[in-house]
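>>> Need a 3D model of the following:
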Amino acid sequence: MPVLVITGTGTEVGKTVVTAAVAATASVAGRSVAVLKAAQTGVAPGERGDAEEVARLAGGDVTASELARYPEPLAPATAARRAGRVPVHPEEIAERAAKLATEHDLVLVEGAGGLLVRFDAAGGTLADAAGLLGAPVVVVASAGLGTLNVSELTVRELGRRGLEVAGVVIGSWPAEPDLASRCNLLDLPDVTGVPLVGAVPEGAGGLAPEAFRAAAPQWLAPRLEGTWDAEVFRVRAAPVGVRA
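Numbering: from 1, shown residues only. Next up is the predicted model:
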């Protein structure tokens, strides 16, 4: 699995922190890692972008790469148009990821927002880049109410395109999960048809890099080189009245 694409079901679901956890876990396992941010929006020149944040949290020698940066926090195609700049195309994403894969054991390609957010005027998306790469995709989802519909739609679209889904990771597991969150541990794999392969605790991005790196393998399943056990996690979190 030299290239792994990481998408979200939407914005603010914990995609960057999950990417950092995957990078840290692979790095701890002794693999060289690069992270590619296809298009960074809403960050000014000189500010730390998502790729740099992944490298900071993951520690080690993670390589951070960014194809384009646009100042306004909008979909990449819109942000590029408004800034009067050249957009990013799926072919460029695939080409850069493939080059990084010749120099690293694992390349993580982080999208912007959800799977079908547009990068260019022709409608190019992260799904198109994943198809060009033939890479598996990790879907990062929120924990609570509303996540089932968007998670199922995202996985269905990936399946329609013939793309492999490596699994779903909950991007921010609450310290005090509500009923919907706890039920979703059972319902997410049921409605999507793919396994849960991790749950990152809320606030994980605020940890010091050393603590983040040490804890990251505990948040991810063996599929992502971690030690997280979905069944044990689900049983511990199961609400009264829900069959374990």
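
>>> buried ones in the worst-scoring helix or strand of the chain on mean pLDDT?
Across the helices and strands of the chain, mean confidence by mean pLDDT, DSSP states H and E is lowest for helix 230-237: a mean of 91. Within helix 230-237, the residues that count as buried by 16 or more other Cβ atoms under 10 Å are 230, 233-234, 237. C-beta: built from backbone N, CA, C; applies to glycine.

>>> Check which helices and strands that helix is in contact with.
helix 179-192, strand 196-201 (3 or more Cβ pairs under 8 Å, 6 or more residues apart in numbering; DSSP states H and E).

>>> Would you tell me which of those gets closest to Glu95?
strand 196-201 (27.7 Å; Cβ to Cβ).

>>> what residue ranges in this protein are flagged as low confidence?
When residues are selected by pLDDT under 70, those of the chain lie in 1, 238-244.

>>> can you map out the helices along it?
In the chain, the helices defined using DSSP state H lie at 15-28, 50-58, 76-83, 90-101, 126-133, 147-160, 179-192, 209-215, 230-237.

>>> what about dumping the CA coordinates of the fourth one to PDB?
Output for helix 90-101, consisting of C-alpha atoms alone and laid out as PDB, is shown next (Å, rounded to 0.1, in the frame of the first residue of the first chain):
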ATOM      1  CA  PRO A  90      -6.300  15.200 -10.600                       C
ATOM      2  CA  GLU A  91      -3.500  14.200 -13.000                       C
ATOM      3  CA  GLU A  92      -1.100  16.500 -11.100                       C
ATOM      4  CA  ILE A  93      -2.100  15.000  -7.800                       C
ATOM      5  CA  ALA A  94      -1.500  11.500  -9.100                       C
ATOM      6  CA  GLU A  95       1.800  12.400 -10.700                       C
ATOM      7  CA  ARG A  96       3.200  14.100  -7.500                       C
ATOM      8  CA  ALA A  97       2.000  11.200  -5.300                       C
ATOM      9  CA  ALA A  98       3.600   8.600  -7.700                       C
ATOM     10  CA  LYS A  99       6.900  10.500  -7.600                       C
ATOM     11  CA  LEU A 100       6.800  10.600  -3.800                       C
ATOM     12  CA  ALA A 101       6.100   6.900  -3.700                       C
END
